[in-house]
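Undergrad: From the sequence below, what's the structure:
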Amino acid sequence: MKKQKMILVAILLTWLGSDALFAEPAEEVQKPSVNEKMLKEMAHDEQSRRISELARSISNLERRMDRLDGRLERLDNDLKELKRKV
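TA: Below is the predicted model:
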């Protein structure tokens, strides 16, 4: 399960892009224009939306994995029962 979560984190980091995580600060600090502020807000909103979508996807995948684990356990029990009968 830990390996699966590490894979999901790797997917998240890939989706967000490493540039956003490791970007270096600008040399000069300038007062942003209105358009720059709007673009930053839009980018932030888009990133927030993507993070929310990814969180929902991860949650759905975890639920599916739990269901598959239950099915696998039932199949394993059925196999053991068949082996006992044979």
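Undergrad: In this protein, where is pLDDT below threshold?
TA: For the chain, the stretches flagged by pLDDT under 70 are 1, 12-13, 15-32.
Undergrad: show me where it has helices.
TA: Ranges of helices within the chain are 2-16, 18-22, 34-85, based on DSSP state H.
Undergrad: what about the last one, distance to the chain center?
TA: Right, helix 34-85. Here the centre of helix 34-85 is set off from its chain's centre by 7 Å, with C-alpha atoms, centre = their mean, to the nearest Å.
Undergrad: Would you mind putting the helices of the chain into TSV with mean neighbour count alongside?
TA: C-betas here are computed from N, CA, C, even on glycine. Output for the helices of the chain, formatted as TSV (neighbours: other C-beta atoms under 10 Å):
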stretch	mean neighbour count
helix 2-16	11
helix 18-22	8
helix 34-85	11
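Undergrad: contacts for stretch 77-86?
TA: Counting by C-beta atoms under 8 Å, 6 or more residues apart in numbering, stretch 77-86 makes contact with no residue outside itself.
Undergrad: Output it as CSV - backbone C-alpha positions only.
TA: C-alpha atoms of stretch 77-86 as CSV (Å, rounded to 0.1, in the frame of the first residue of the first chain):
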residue,chain,number,x,y,z
ASN,A,77,-10.6,-18.2,0.4
ASP,A,78,-12.5,-19.9,-2.4
LEU,A,79,-9.3,-21.4,-3.7
LYS,A,80,-8.4,-22.7,-0.3
GLU,A,81,-11.8,-24.2,0.1
LEU,A,82,-11.5,-26.0,-3.3
LYS,A,83,-8.0,-27.3,-2.4
ARG,A,84,-9.5,-28.8,0.8
LYS,A,85,-12.2,-30.5,-1.2
VAL,A,86,-9.7,-32.0,-3.6
